[in-house]
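Colleague: Build the 3D model from these lines:
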Amino acid sequence: MASHKIVIYQIFSRLYSGSANSQSQDRCTARKPFGTIEENGCGKLNDFTPQVLKQIREMGITHVWYTGVIRHATQTDYSAYGIPRQHPAVVKGRAGSPYAITDYYDIDPDLAVNVPKRMEEFERLVNRTHRAGLKVVIDFVPNHVARQYHSICKPEGVRDLGEDDDPNIGFEPRHNNFYYCPGQAFTPYFDLYHGMDEPYHEMPAKATGNDCFHNAPGRNDWYETVKLNYGVDYYAGGIGHFDPTPDTWMKMLDILLFWASKGIDAFRCDMAEMVPAEFWAWATARVREQYPDVRFIGEVYNPAQYRRYIASGFDYLYDKVGMYDAMRDVICHRQGTDAITRAWQQTDDIRDHMLYFLENHDEQRIASDFFAGSGEKAVPALVVNALLQKNPFMLYFGQEWGERGMDEEGFSGCDGRTTIFDYWSLTPQENDLKRIYTKVLNIARTEKTVSEGQMFDVMYANQDHYRQYAFLRKAGKEILLVAANFDDSAETWSLNIPDHAYNYLEMQEKAYKVEDLLTGEQRSLVLMMGTPVEVRLPARGAVVYKLK
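Modeller: Numbering: from 1, shown residues only. Model (predicted):
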């Protein structure tokens, strides 16, 4: 585990235009719904200049997750470069989903200035990121691939996924990489022509990525993807066949080792719980034999599976069905702050492994009309999530300046999310909200009490406060008192610190000189058992008192 607080910045690379890079700003200004890459432009790997990366580091970031860098299905034609063209009927949006991979060994040509040199451009980005004092995270998408997956960049001697399959068998445990519907053509809900002279043809149909094991996926299915076979017989109720080792395991391990050799520091593993834990235990151990410092971040939504996947080699798991859902309800005043306590208590035994976040590419923007309507309303949630535990915190680009996600970009529609299917752009902005994020994230990254200290939740002694939340952090002689106000009005809180907190944290009863790390304001604070502490909280704000 990390000895410092990890702060991950997720950047959807295609949509990012560095504010220090005028070329990218010129390229990404049209923002035309359903626009082509020529009309709307596209961010490039080269846009992440040393200056841009320095700005990211100064915001308090430790890891950059470059989302969407591996080549995936797109309607943009790169056949002039020898890249197979995808049929538009099985591509979502003009740009395509970054989770419909077409070549695990290739870089998305959209992101390259010089398409034939796209891998070299990525390798230089990894080096620039490391020189900026940041670590690199990329996606590993193990559960499914694009319907027309075909690797043109695989190393010599590597067999392609499905190349040796017998499509006349629905499930074959050892050699088949895909699941099939023998004798049935692919007949989804939509028109298979999609403007082309010839329809998309797939015979027999492969099973769809969201465990849709028939030939006619619907609109809400992941119809542009096909499910990979890790030796689980879903046709027989999910029976696992893992000995001898399935061929898919070997191929996916090779892919992980390929990217680890490029200097990747961590893999964010998409829909990790849809892949058997047995594979993860096998693969993560083998990757770490050669690259012991590589970390694995798992997208696992079932709390009943958390401990199983941590035991299988994951360093960190999304805390979505728990802390995220609770915090969203608290921000929107659907639950009181006691929901925060319940959320962390449910994973207290694995707390260092839980990844907290308030936005990512799947979730609605805080500032959208579908969530809070304003990024500022989540400031107390930011303070709590970033400082409550030692575990990592992640933010999604645009969150820090209050991106609303209310554009109707194309395929994605207006849903309060930033599109992952369309050519569009977001350009970093300097505003008061970003300055708050920078303050909080640098506290998280640099304060010993946050990265190493113990936490004490004081809310059981303050149960009459449903829109406020407070806790203590302590490491050595350093103490932080953090209090957050989710109310729309300012609050003067007579905060009770229970006697047990003094004993558990070995805190001295005395007068302290206190600095609010968010504002620089200094005051005196007397901590005595049985005596409440007066805390003045701004509306939708917080204080982070460092006791000296």
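
Colleague: And residue 6, how close does it get to residue 78?
Modeller: Noted for residue 6: a distance of 35 Å to residue 78, by C-beta to C-beta, to the nearest Å. (C-beta placed from N, C-alpha, C; glycine too.)

Colleague: should've said residue 544
Modeller: Remark: distance between residue 544 and residue 78 (C-beta to C-beta) = 49 Å.

Colleague: Could you report the pLDDT at the residue lying closest to residue 247 once chain neighbours are set aside?
Modeller: Nearest non-adjacent residue to residue 247, counting by C-beta to C-beta, 6 or more residues apart in numbering: residue 175, 5.3 Å away. What the model reports as pLDDT for residue 175 is 97.

Colleague: OK, contacts around residue 175?
Modeller: Counting by C-beta atoms under 8 Å, 6 or more residues apart in numbering, residue 175 makes contact with 164-166, 247.

Colleague: now the residues you listed: which count as buried?
Modeller: Neighbour counting with 16 or more other C-beta atoms under 10 Å marks 165, 247 as buried within the contacts of residue 175.

Colleague: Tell me the one among the contacts of residue 175 nearest to residue 386.
Modeller: Set against residue 386, the nearest of those by C-beta to C-beta is residue 247 (42.8 Å).

Colleague: what's the pLDDT at the closest one?
Modeller: According to the prediction, residue 247 has pLDDT 98.

Colleague: From residue 287, how far off is it?
Modeller: Here the criterion is C-beta to C-beta. By it, residue 247 lies 18 Å from residue 287.

Colleague: now do residue 351
Modeller: For residue 351, the distance to residue 287 equals 25 Å [C-beta to C-beta].

Colleague: again with residue 392
Modeller: Residue 392 sits 19 Å away from residue 287, going by C-beta to C-beta.

Colleague: Residue 423 too?
Modeller: In this view, residue 423 and residue 287 are 34 Å apart by C-beta to C-beta.

Colleague: Next, the contact list for residue 399, please.
Modeller: Going by C-beta under 8 Å, 6+ apart, residue 399 touches 358-359, 365-366, 375, 437.

Colleague: mind checking how far it is from residue 195?
Modeller: Distance from residue 399 to residue 195, counting by C-beta to C-beta: 36 Å.

Colleague: likewise residue 351?
Modeller: Residue 351 is 51 Å from residue 195, where distance means C-beta to C-beta.

Colleague: Give me the more crowded residue out of the two.
Modeller: Neighbour comparison, residue 351 and residue 195: the larger count goes to residue 351, with 16 against 8 (by other C-beta atoms under 10 Å).

Colleague: Pull up the per-residue confidence for that one.
Modeller: 97.

Colleague: if we can go back for a sec, residue 6 and residue 78 - which one has more neighbours?
Modeller: A count of neighbours by other C-beta under 10 Å puts residue 6 above the other of residue 6 and residue 78, at 25 against 18.

Colleague: So what does that one look like in phi/psi?
Modeller: Residue 6 adopts backbone torsions of phi -90, psi 130, taken as degrees, to the nearest 10.

Colleague: Is it in contact with residue 63, as I believe?
Modeller: Yes: between residue 6 and residue 63 there is a contact under C-beta atoms under 8 Å: 6.0 Å.

Colleague: for the stretch 1-150 of the chain, what spans make up the helices?
Modeller: For the stretch 1-150 of the chain, the helices defined by DSSP state H, counting those that start in this stretch cover 22-27, 37-40, 50-58, 118-131.

Colleague: Kindly report the same for the stretch 251-400 of the chain.
Modeller: So, for the stretch 251-400 of the chain - with DSSP H, counting those that start in this stretch - the helices run 277-290, 306-311, 325-331, 338-346, 379-387.

Colleague: Export those as a markdown table, with columns for mean neighbour count, mean pLDDT and distance to residue 406.
Modeller: Shown next, in a markdown table, are the helices of the stretch 251-400 of the chain (neighbours: other C-beta atoms under 10 Å; pLDDT from 0 to 100; distance: least, C-beta to C-beta, whole Å):
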| stretch | mean neighbour count | mean pLDDT | distance to residue 406 |
| --- | --- | --- | --- |
| helix 277-290 | 17 | 98 | 37 |
| helix 306-311 | 18 | 98 | 33 |
| helix 325-331 | 21 | 98 | 18 |
| helix 338-346 | 18 | 98 | 27 |
| helix 379-387 | 26 | 98 | 20 |
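
Colleague: JSON lines for these, including distance to residue 145?
Modeller: As requested, these are exported to JSON lines (distance: least, C-beta to C-beta, whole Å):
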{"stretch": "helix 277-290", "distance to residue 145": "16"}
{"stretch": "helix 306-311", "distance to residue 145": "22"}
{"stretch": "helix 325-331", "distance to residue 145": "30"}
{"stretch": "helix 338-346", "distance to residue 145": "34"}
{"stretch": "helix 379-387", "distance to residue 145": "33"}
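
Colleague: what's the closest of those helices to residue 125?
Modeller: For residue 125, the closest of the helices of the stretch 251-400 of the chain is helix 277-290, at 21.4 Å, according to C-beta to C-beta.

Colleague: For that closest one, give me every contacting residue.
Modeller: Contacts for helix 277-290 (C-beta under 8 Å, 6+ apart): 142, 230, 240, 242, 245, 249, 252-253, 256-257, 260, 269, 272, 294, 296, 298, 305, 308-309, 311-314.

Colleague: residue boundaries of the strands in the stretch 201-350 of the chain?
Modeller: 205-206, 225-227, 232-233, 239-240, 266-269, 295-298, 316-318 (DSSP state E, counting those that start in this stretch).

Colleague: Of all those, which one comes closest to residue 70?
Modeller: Closest approach to residue 70 among the strands of the stretch 201-350 of the chain (C-beta to C-beta): strand 266-269, 11.1 Å.

Colleague: Quick check: mean pLDDT of the closest one?
Modeller: Averaged across strand 266-269, pLDDT comes to 98.

Colleague: Give me the pLDDT value at the closest residue to residue 252 other than its chain neighbours.
Modeller: Nearest non-adjacent residue to residue 252, counting by C-beta to C-beta, 6+ apart: residue 142, 5.7 Å away. Note on residue 142: pLDDT of 98.
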